[in-house]
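**Student:** Generate a structure from the sequence data that follows.
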Amino acid sequence: MPESQDICVFRAMGDDFDANQFLAEWSLPRPSVFKKGETRPSRCSPSRTSGLVCEVSSGDLESQIAGAVRFLEDYRMAIVELRNCEDVESIGVDFMYSQPGECAASVEQFWFPSNLTGLLGELGLSLCITRYA
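**Tutor:** Next up is the predicted model:
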């Protein structure tokens, strides 16, 4: 992943999850659908599961958080329905954040605002931060 590509994505995955079937009934913005065994453009190896990914926001971490709150509020009903799908094994929001030139041994702390964590908890979503150094 390039250092400048700090993005937040929404992911829903499961071995038997049929994202296309879900998207036939529910709308999510710019979904990228993948099936187990397929090689995705962003990966070198075949996917170990099926699912969908939606880019939520990009930019610095504060911009990603604001975008995630908007996404969760705007698509609340679809997310609740998706969370209730039997075949969805993993669902959540992933903040991908890099800090160019930072020493790997350094410690950085960031507190997420309660409006974001409250929505995640209410929707039964996990929070994942992927940090590239």
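
**Student:** In contact with the closest residue to Ser90 other than its chain neighbours, which residues are there?
**Tutor:** Excluding the flanking residues, the one nearest Ser90 by Cβ to Cβ, 6 or more residues apart in numbering is Met13, at 4.7 Å. Where you see a C-beta, it was placed from the backbone N, CA and C, and this is true even at glycine. Neighbouring residues of Met13 by Cβ atoms under 8 Å, 6 or more residues apart in numbering: 49-52, 88-91.

**Student:** next one: Asp18
**Tutor:** When contacts are counted by Cβ under 8 Å, 6+ apart, Asp18 is found next to 50, 87.

**Student:** got it, and Asp6?
**Tutor:** Asp6 is in contact with 58-61, 64, 96-98, counting by Cβ under 8 Å, 6+ apart.

**Student:** Roughly how far does it sit from Thr117?
**Tutor:** The gap separating Asp6 from Thr117 is 20 Å, by Cβ to Cβ, to the nearest Å.

**Student:** Much appreciated, bye for now.
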